[in-house]
Each structure stands twice: as C-alpha cells, then as structure tokens.
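*Asks:* Next one to model:
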Amino acid sequence: MVLSLERLGRHPEAADLAKRFQAVAESRQGSNEPLSNARAHYLRGLIAGYNGNPAKDRELVSQAVKIELDYIAPRFELRSDTIDPAGH
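*Replies:* Numbers count the residues shown, from 1 in each chain. Predicted structure coming up:
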C-alpha cells in the first residue's frame, strides 16, 4: 500500500503510512508467538527497504525466516522471487 501511494505521487501519505506500519511492527516484535514476531521483523525489513536501507531490510527479513521457518513470504523476498512494484 505504501508503494502504491508513492506511485500515485501521494508521498506524504505514503510516509505517514510507513511510520504507522513501523509502529505496529515494533509493538509486535518480541512477541511470544513466533509467527507474530516473524511478521514484525518482516514488516520492519520491508519498511527499511522502502526507506532506502537494503542492508537492514535483508537483515530483518532474514531474521523473520530464522524465527519462523515456515513463513514463506520472507523466503521469497530473500530469493528475489517477488515483483518489485517500485521498479528497483
């Protein structure tokens, strides 16, 4: 959704939404439930990538995979099997 807003030229809204997603991810990180914790890391990684920090993106997405081995989305992200809607 953040990238969709960016592509529509709605940059302030995209930045605000990214901050909200970051707050949600941070509130769920450290959860006793592995999948919830993995999702928090994955979301934080995607936000790091959006904010121009690919090294942090990869680190957090890798942590998501380590936390929950069956969580497929971050595995695809690490393999670059996803479509990059930002065109990077």
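*Asks:* where along the protein do the helices fall?
*Replies:* In the chain, helices defined by DSSP state H lie at 2-7, 11-28, 34-50, 54-67, 72-79, listed in chain order.
*Asks:* per-residue confidence averaged over the shortest one?
*Replies:* Along helix 2-7, the predicted local confidence has a mean pLDDT of 88.
*Asks:* Check stretch 50-63 too.
*Replies:* Within the predicted structure, the mean pLDDT of stretch 50-63 is 94.
*Asks:* Tell me which residues are up against that stretch.
*Replies:* Stretch 50-63 is contacted by residues 2-3, 18, 38, 41-42, 44-46, 48-49, 74, 77-78, 86 when judged by CB atoms under 8 Å, 6 or more residues apart in numbering. C-beta here means a position set from N, CA and C on the backbone, and glycine is covered the same way.
*Asks:* I'd like the helices of the chain laid out as TSV, including mean neighbour count.
*Replies:* Shown next, in TSV, are the helices of the chain (neighbours: other CB atoms under 10 Å):
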stretch	mean neighbour count
helix 2-7	16
helix 11-28	14
helix 34-50	20
helix 54-67	17
helix 72-79	15
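*Asks:* Check the contacts of stretch 50-63 and tell me the two furthest apart.
*Replies:* Largest separation among the contacts of stretch 50-63 by CB to CB: Ala38 and Ala86, giving 23.2 Å.
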